[in-house]
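[1] What shape does this take:
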Amino acid sequence: MFVAGFGTAMNLPPEWPRRADGFARRYASRDASIVVSNGLEAALGSMWGEDPRYSRCDCGGFDHRIAHAAKLAVFAQHAHGRIGPAWGRYAGTMTSSVVQNGWMPPSASTWQQTLLREATAFSGRFVGNLWTEFWPDVAHRFKH
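    Numbering: from 1, shown residues only. Got it, this is the predicted structure:
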């Protein structure tokens with residue numbers, strides 16, 4: 001809802017109005033892209049032995065934990081126990097970004113906008129990893 005609300009407030013893409021129907025289009029577009037991306041990542045990643053889940057760092061230090069969150073935004077745990085390229089994630093996010101061009105208006109379906117959506121997918125993954133990494137510590141402090 002945040003992404004659709006932000007897009008509506010900023011009027012992005014401008015072809016979709018700043019009304020409820022424009023918000024609904026933005027929300028549905030984002031939701032559909034997540035379904036395509038996550039579906040492909042899960043299917044291909046499982047065939048290739050990748051585990052897309054984020055595991056918190058047992059390392060010490062703020063910097064190490066941030067680096068761990070960044071690393072697992074683009075890498076995944078593999079069946080052999082090592083961290084390696086998240087090929088399923090790459091395929092899922094890129095396919096989703098390209099497929100979106102089929103329903104996005106012209107201003108949002110350029111190659112530049114496609115690459116921007118791809119970068120946003122990985123930066124969003126990084127932010128989600130940071131949340132998973134640090135929220136338990138923050139919540140624990142609030143409880144006390």
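
[2] What separation do you get for the one residue sitting closest to the centre of the chain and F142?
    Residue closest to the average C-alpha location in the chain (CA atoms, centre = their mean): A121, at 3.7 Å. A121 sits 30 Å away from F142, going by CB to CB, to the nearest Å. (C-beta placed from N, C-alpha, C; glycine too.)

[3] do D58 as well
    D58 is 23 Å from F142, by CB to CB.

[4] next one: N11
    Separation of N11 from F142 (CB to CB) stands at 37 Å.

[5] out of the two, which sits in the more crowded spot?
    Neighbours per residue (other CB atoms under 10 Å) separate N11 from F142, with N11 holding more: 12 against 6.

[6] For the more buried one, give me its contacts.
    Shown in contact with N11 (CB atoms under 8 Å, 6 or more residues apart in numbering): R18.

[7] likewise the one 3 residues further on?
    In this structure, P14 makes contact with S107, judged by CB under 8 Å, 6+ apart.

[8] Can you pull the phi/psi pair for it?
    phi -70, psi -20 (degrees, to the nearest 10).

[9] so L44 touches T93, yeah?
    No. Contact criterion CB atoms under 8 Å: L44 and T93 do not qualify, at 11.4 Å.

[10] What is the burial count for R65?
    19.

[11] same check, this time on A32
    Counted with other CB under 10 Å, residues neighbouring A32 total 14.

[12] give me the element it is part of.
    Following DSSP states H and E, one finds A32 within helix 20-47.

[13] State the mean pLDDT of that helix.
    Helix 20-47 shows a mean pLDDT of 96.

[14] buried residues in it?
    22-23, 25-27, 29-30, 33, 36-38, 40-41, 44-45 (16 or more other CB atoms under 10 Å).

[15] Next secondary structure element downstream of that helix?
    Taking DSSP H and E, what comes next after helix 20-47 is strand 50-51.

[16] got any ranges where the protein has weak pLDDT?
    Scanning the chain for pLDDT under 70 picks out 144.

[17] Having no further points to raise, I will conclude here.
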